[in-house]
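Asker: Pasting the sequence and the predicted model now:
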Amino acid sequence: MTKILNFKQTSLDIRYLKFEFVSNFVLRASILAMVLVLILPSFVLAQGAVDLAFNPGLLITDEAFADVGTFGSAAGIQKFLEQKGSVLANTSSEFLIKLREPDTLTKVGLEDPQPNLGRLRTAAELIYDAAVSKGLNPQVILVTLQKEQSLITGSFNDTTLQSKLNKALGFACPDYEGCDDIFQGFYRQLFGTFDAAGSRWLGAAASLMKSFRTEVGGVRVGRGPGVDANNQTFGRPVVRTARKGDAVIFDNTLGGYDGVLATQSVTLGNFATAALYRYTPHVFNGNYNFWKFYTAWFKYPNGTIIQLLNNPTLYVIDNGAKRPFSQFVATQRKLDLTKVITVSQTEFDTYFTEKPMPPLDGTLIKGDVSPAVYLIEDTKKHALSYPVFVQRKFSFAKVVTVSQAELDSYETGSFVAPLDGTLITGEADKTVYLIDAGLKRPITYEVFVARKFSFAKLMKLTDGEVAGIPSGQFVLPPESVALKLKNDTAIYWFKDGQKRYVSAFVYKQRGVANFPHVIIGQDEFNQIPTGSPFPPKDGTVIKGDQSTAIYRIENGLKRLLTAAAYKRLGYPKATVLAQGEVDNYASGETMAK
């Protein structure tokens, strides 16, 4: 597995970022030419007046910047993307591949909160996981996706779409040169990446929050752009990193708005503003566009009550949409009905009208006509079967009864899944599934036996309920078993979520024959990542039948022996293997002596 390094950014000027890595408490410097500035979408180039409400020194409040609860879940982001008609709302498998989610080990190294989900995530899920895991408001990511690549409202053909996704957040994309290849891809723009040396680099979400939280000597100061001795972001040499409260002189991109000056002094009013100017060291059009989109979509915080003049109907703002609500919901959610904002018809119409605001997540609810009970989660009502109701130890005394009309007005989600670890099957559909992370994952008979599951513990549900639970990939075999594909003689060692080919020599030497063997199907086989071939035991000396090079296996790696090292070891006899087998083993450093 790639070694994870602690990452520390230093200074930013208007064109480049400098980075330092800290590993095992030893500091080593590495410089990456990188600019985190705005690549302007074509639609913002039309001339227009600057909004007089714009305050360049306060782009967003600190509280809003770090509010991870704005959408509640990835489902809230998905709904927002659908409301905006965003290309990112696409959940087809063909589109999800374009997001370029990496292998499990890479995700673990990047501190992805869901590295083993067993399926590709949607854009909404990736945005939510990247932002919330780092303490960042997902709204900030959405606005940045728009200001950088127009991915919320833009339209693209297949070719331009992949290009836009690859540099979705403008991370590591200088104004006057191409984007850094190691950050290419929607996933890597969000979460970060590893370079060829195995060093870890932060992505947009972690970088923004690192700037937001920067301390010096135990005192939080924030981190703005790098500046010269005159506090200019575009001057040389860069002598320090700006902090919250500093007055910084920026250069601007001209031609987008009327009356914009070539340079402009801005006092960094809070930590969030400092972080955004470090990310994009321009007022125009970069951070002005950030403020413009944020204000248009999220001007009123979630929970704000609005109404039209002379209209008694109240609406609550929820992630850029307006939603009517019942008295029960107002009371339960503690909506402040004494602070109602009256808005114009024009402003009222800018907010998409969503379905009524449901009760709080976790509420058990039913209508006054139908006996069906639902659980509110992710702002949707999810049907509960009796077996799941009992298993989850819900109480009928806590079920709230509302009018059937109110219940029917709430959006319907999937069935509530049984608890993780539950084995389920249907009535006509006899497939056995394991509930894992709320997904049903099919289990083949061979894996069922290898994992020592019991048919006596199966929970039987209706076929409709089973079909209504989201699906995941096949359940993997247990660790440290030998895998064999049906109708194939090749043997693989399954360890750490990977399958590793086992040669005839290793099969015999390592006693693989004595370990459990599991035969799996092609679909199961294909979903398991392939690692390097399973090597011989440590201490084994090997050579290929087409080369004179001699190697010694140490810590699972083949290390080339120099003449001096071979002599020191007493000229051990090398086991001769097929050259292809030797070449495929992972290499370590040369053993010099």
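Answerer: Sure, I can see it.
Asker: Three-state assignment for V449, please.
Answerer: In three-state terms, and counting by DSSP: H, G, I helix; E, B strand; the rest coil, V449 is helix.
Asker: surely A74 meets A130?
Answerer: No. Here A74 does not reach A130: they are 10.8 Å apart, not a contact under Cβ atoms under 8 Å. Glycine gets a C-beta too; all of them are placed from N, C-alpha and C.
Asker: When the two are compared, which one has more neighbours?
Answerer: With other Cβ atoms under 10 Å as the criterion, A74 and A130 differ in neighbour count, and A130 comes out ahead with 25 against 20.
Asker: isn't the more buried one right next to L208, touching?
Answerer: No. Counting by Cβ under 8 Å, L208 is not a contact partner of A130; they are 10.5 Å apart.
Asker: and P387, what does it touch?
Answerer: Taking Cβ atoms under 8 Å, 6 or more residues apart in numbering, we find P387 in contact with P418, M459, K460, L461.
Asker: Pull up the per-residue confidence for it.
Answerer: In the predicted model, P387 carries a pLDDT score of 95.
Asker: likewise the one 4 residues further on?
Answerer: Residue-level confidence at Q391 comes out at 97, pLDDT.
Asker: Now do it against R441, distance only.
Answerer: Using Cβ to Cβ, to the nearest Å, we find Q391 at a distance of 18 Å from R441.
Asker: And E411, by the same measure?
Answerer: Distance from E411 to R441, by Cβ to Cβ: 26 Å.
Asker: got the domain boundaries for the chain?
Answerer: With automatic domain parsing as the criterion, the domains of the chain are listed as 42-210, 305-353, 364-409, 423-467, 481-527, 541-584.
Asker: right, so of these, which gets closest to G286?
Answerer: Proximity of the domains of the chain to G286 was assessed by Cβ to Cβ; the nearest stretch is domain 42-210, lying at 6.8 Å.
Asker: any chance you could map the strands in the stretch 401-550 of the chain?
Answerer: Per DSSP state E, counting those that start in this stretch, the stretch 401-550 of the chain has strands spanning 423-425, 433-436, 439-442, 458-460, 481-485, 491-495, 498-502, 517-520, 541-544, 550-554. These are given in chain order.
Asker: will you turn those into a markdown table that also has mean pLDDT and mean neighbour count?
Answerer: As requested, the strands of the stretch 401-550 of the chain are arranged in a markdown table below (pLDDT from 0 to 100; neighbours: other Cβ atoms under 10 Å):
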| stretch | mean pLDDT | mean neighbour count |
| --- | --- | --- |
| strand 423-425 | 97 | 19 |
| strand 433-436 | 96 | 22 |
| strand 439-442 | 94 | 19 |
| strand 458-460 | 95 | 14 |
| strand 481-485 | 93 | 20 |
| strand 491-495 | 93 | 21 |
| strand 498-502 | 94 | 19 |
| strand 517-520 | 94 | 20 |
| strand 541-544 | 97 | 18 |
| strand 550-554 | 97 | 21 |
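Asker: can you tell which of these is closest to D228?
Answerer: The closest approach between D228 and any of the strands of the stretch 401-550 of the chain, judged by Cβ to Cβ, belongs to strand 498-502 at 49.6 Å.
Asker: Give me the phi and psi for the spatially closest residue to S403 that is not a sequence neighbour.
Answerer: In this structure, S403 finds its nearest non-sequential neighbour in D368, 5.7 Å apart by Cβ to Cβ, 6 or more residues apart in numbering. Backbone torsions for D368, taken as degrees, to the nearest 10, come to phi -90, psi 0.
Asker: Burial check on D368, number of neighbours?
Answerer: Around D368 there are 11 residues (other Cβ under 10 Å).
Asker: cool, and T280?
Answerer: Counted by other Cβ under 10 Å, the residues lying close to T280 total 22.
Asker: Check the one 5 residues further on too.
Answerer: Around N285 there are 23 other residues, counting by other Cβ under 10 Å.
Asker: Which residue comes closest to it once chain neighbours are left out?
Answerer: Closest residue to N285 in three dimensions, ignoring its sequence neighbours and counting by Cβ to Cβ, 6+ apart: G256, at 4.1 Å.
Asker: Give me the local confidence score for that neighbour.
Answerer: In this model, G256 is scored at 80, pLDDT.
Asker: is it true that it touches F284?
Answerer: Yes. Using Cβ under 8 Å, G256 is in contact with F284, at 5.9 Å.
Asker: of those two, who's got more company?
Answerer: A direct count of neighbours by other Cβ under 10 Å for G256 and F284 places F284 higher, at 26 against 19.
Asker: State whether that one is indeed within a strand.
Answerer: No. Membership of F284 in a strand is not supported by three-state DSSP, which gives helix.
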